[in-house]
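Colleague: prediction below, plus the sequence it came from.
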Amino acid sequence: MAKLLKFPNNFYWGAATAAYQIEGAVNEDGRAESIWDRFSKTPGKVRNGDTGDVACDHYHRLEDDIQIMDELGLNAYRFSIAWPRVLPEGRGKANVKGLDFYSRLVDGLLEKGIEPFATLFHWDLPMALQDAGGWLNRRIADWFVEYAELMYKHLGDRVKYWTTLNEPNVFAFLGYNIGKHAPGVADEATFVQASHHLLLAHGDAVRAGRTLLPKAQFGIVPAISHNYPATDKQEDAAMVEAMWKGWTCMFLDPIFRGTYPVTLDGQDFPQPVILEGDMERIAAPVDYLGINHYFSHWIVQGENGHPEWIDKDLPKTDRGWIIHPDGMRDMLLKVTEEYGRIPIYIMENGASYPDEVATDGQIHDCERVDYFRGYISSMHEAIEKGADVRGYFAWSLMDNFEWEEGYNSRFGIVYVDFATQQRIIKDSGRFLSEVFRSNGLELEK
Ligand code: FCB
């Protein structure tokens with residue numbers, strides 16, 4: 001008999017997407033430009049010059065896509081709202097057609113018994129706000145609250161789970177520290193200040209939500225991978241701890257403790273401009289922590305005290321991301337140890353492979369099936385050991401515009417032929433569908 005790992009009752013099983021990565025229709029029905037429209041159209045920024053102009057054309061295929069979710073047996077779906085679709089200028093006049101789109105999405109989900117998990121910011125800032133300083137202008141906290149309140153009022157009668165920001169750590173690092181993502185800035189001080197404003201906006205939007213929607217759940221979703229020291233040298237262990245503080249605690253300490261972390265050598269970091277009252281604003285209590293987890297790293301302390309990533313003889317995805325399912329368990333237990341037994345949702349987890357349609361018309365993505373089996377079973381172990389995980393979302397519902405990789409990196413559990421927009425459920429989608437429907441994972445057939 002195969003071993004079945006059962007998950008807690010009422011566990012949420014879903015898939016995740018993000019507006020810019022799937023919707024397309026960037027110039028339709030009053031949607032305005034976002035920083036990703038601008039960035040993807042800047043030569044050299046995205047592989048093959050791909051843009052999100054059409055993406056999965058989800059804006060026009062909403063009903064069909066909900067049908068696929070139903071077929072897959074999801075009981076939850078995580079999507080993001082495109083700020084420039086509902087507030088083209090970023091603030092001020094709302095765009096009714098944009099609001100209607102999300103309303104139809106939510107209604108369609110609820111009709112199928114799928115719980116909507118809405119994310120307010122998954123990186124597509126309206127260009128009008130970028131022109132006014134974007135995340136470097138402190139007033140963005142007010143702009144974000146205005147936008148959040150609009151959505152709370154519009155969807156709050158039906159949406160219970162709200163996420164303020166998707167991966168503020170990745171957004172700020174790639175967008176402001178190394179310039180690989182929009183808005184394309186590479187400057188450390190700027191990165192630190194933008195991060196601080198992201199946190200301020202988050203805290204204010206949570207507080208605004210409590211007033212308008214007292215029964216709703218509010219949280220944030222950082223990316224948290226897991227790092228191991230590559231040797232048993234003390235300095236490598238210290239390096240791993242420093243990375244934990246710099247990458248994870250820098251965003252979570254302000255929220256859970258109302259302070260920025262202190263480095264191992266006792267220095268405060270980062271050094272943004274912090275005004276009186278900021279830390280209290282950021283520390284508005286959250287109901288859950290969402291986590292995106294994809295890979296692990298092995299690290300040593302390199303020259304000048306900087307981390308060095310060590311290549312490991314372990315399987316990797318086509319992005320070169322190391323597959324190490326135990327990292328899921330170790331990360332979940334570390335977060336629980338550090339911040340207490342807070343409710344956690346895995347909001348993204350998945351793998352990119354160069355899928356091909358086989359002669360039978362199907363996509364036999366057995367490596368992705370193995371990936372999901374490993375990571376879900378590791379999550380189960382973490383739950384048994386005390387992590388309060390309440391839901392799991394595969395990244396992604398379907399192949400989509402994968403930021404700087406364009407359409408070259410496929411993460412979907414549903415295949416998309418971008419020339420015809422045909423969707424095909426991959427073997428991994430069928431595999432997950434069994435997990436979702438049985439609320440359990442059969443370890444080996
Ligand atoms: C995460 C992003 C998501 C997707 C995956 C692969 O960092 O949140 O939009 O690109 O990575």
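Modeller: Thanks, I have it.
Colleague: quick one, what contacts F171?
Modeller: By C-beta atoms under 8 Å, 6 or more residues apart in numbering, F171 lies in contact with W123, L165, H181, L198. Where you see a C-beta, it was placed from the backbone N, CA and C, and this is true even at glycine.
Colleague: which of those residues has the most neighbours?
Modeller: For the contacts of F171, the largest number of neighbours (other C-beta atoms under 10 Å) sits with W123, at 27 neighbours.
Colleague: that one belongs to a helix?
Modeller: No - assessed with DSSP: H, G, I helix; E, B strand; the rest coil, W123 is coil; it does not lie in a helix.
Colleague: my read: it touches L174, true?
Modeller: No - in this structure W123 lies outside contact range of L174 using C-beta atoms under 8 Å: 9.3 Å.
Colleague: ok, now which ones touch A387?
Modeller: Residues near A387 by C-beta under 8 Å, 6+ apart: L332, L333, V335, T336, R341, I344.
Colleague: D287 now?
Modeller: Applying C-beta under 8 Å, 6+ apart, the residues near D287 are Q217, F218, G219, P343.
Colleague: mind putting the contacts of A387 into JSON lines with pLDDT, neighbour count and distance to the ligand?
Modeller: JSON lines is the format used below for the contacts of A387 (pLDDT from 0 to 100; neighbours: other C-beta atoms under 10 Å; distance: C-beta to the nearest ligand atom, whole Å):
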{"residue": "L332", "pLDDT": "99", "neighbour count": "26", "distance to the ligand": "18"}
{"residue": "L333", "pLDDT": "98", "neighbour count": "16", "distance to the ligand": "22"}
{"residue": "V335", "pLDDT": "98", "neighbour count": "23", "distance to the ligand": "17"}
{"residue": "T336", "pLDDT": "98", "neighbour count": "19", "distance to the ligand": "22"}
{"residue": "R341", "pLDDT": "98", "neighbour count": "10", "distance to the ligand": "25"}
{"residue": "I344", "pLDDT": "99", "neighbour count": "24", "distance to the ligand": "16"}
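Colleague: those in strands, which ones?
Modeller: Counting by DSSP state E, the contacts of A387 place I344 in strands.
Colleague: quick one: Y392 is in a strand?
Modeller: Yes - counting by three-state DSSP, Y392 falls inside a strand.
Colleague: for the stretch 101-250 of the chain, what lies in contact range of the ligand?
Modeller: N166, E167, V170, A223 (C-beta under 6 Å from any ligand atom).
Colleague: who does the first one form a beta bridge with?
Modeller: With DSSP bridges as the criterion, N166 is bridged to V221.
Colleague: rewinding a little: could I get the residues of the stretch 101-250 of the chain next to the ligand as CSV with neighbour count and pLDDT?
Modeller: Compiled in CSV, these are given as follows (neighbours: other C-beta atoms under 10 Å; pLDDT from 0 to 100):
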residue, neighbour count, pLDDT
N166, 24, 99
E167, 25, 98
V170, 16, 98
A223, 20, 98
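Colleague: state the distance from the residue nearest to Y345 when sequence neighbours are not counted to N292.
Modeller: Using C-beta to C-beta, 6 or more residues apart in numbering and skipping residues adjacent in sequence, the residue nearest Y345 is G391, 4.3 Å away. Separation of G391 from N292 (C-beta to C-beta, to the nearest Å) stands at 13 Å.
Colleague: wait, what's in contact with the closest residue to E23 other than its chain neighbours?
Modeller: Of all residues not flanking E23 in the chain, Y59 sits nearest, at 4.6 Å (C-beta to C-beta, 6+ apart). By C-beta under 8 Å, 6+ apart, Y59 lies in contact with E23, G24, A25, E28, F101.
Colleague: now, of those, which are buried?
Modeller: Buried by 16 or more other C-beta atoms under 10 Å: E23, G24, A25, F101, out of the contacts of Y59.
Colleague: quick one: pLDDT of the first one?
Modeller: It refers to E23. Looking at E23, its pLDDT reads 99.
Colleague: now do the same contact list for it.
Modeller: G52, A55, C56, H58, Y59, A82, R85.
Colleague: now the residues you listed in CSV, with pLDDT and secondary structure?
Modeller: Listed next are the contacts of E23 as CSV, based on pLDDT from 0 to 100; DSSP: H, G, I helix; E, B strand; the rest coil:
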residue, pLDDT, secondary structure
G52, 98, coil
A55, 99, coil
C56, 99, coil
H58, 99, coil
Y59, 99, coil
A82, 99, coil
R85, 99, helix
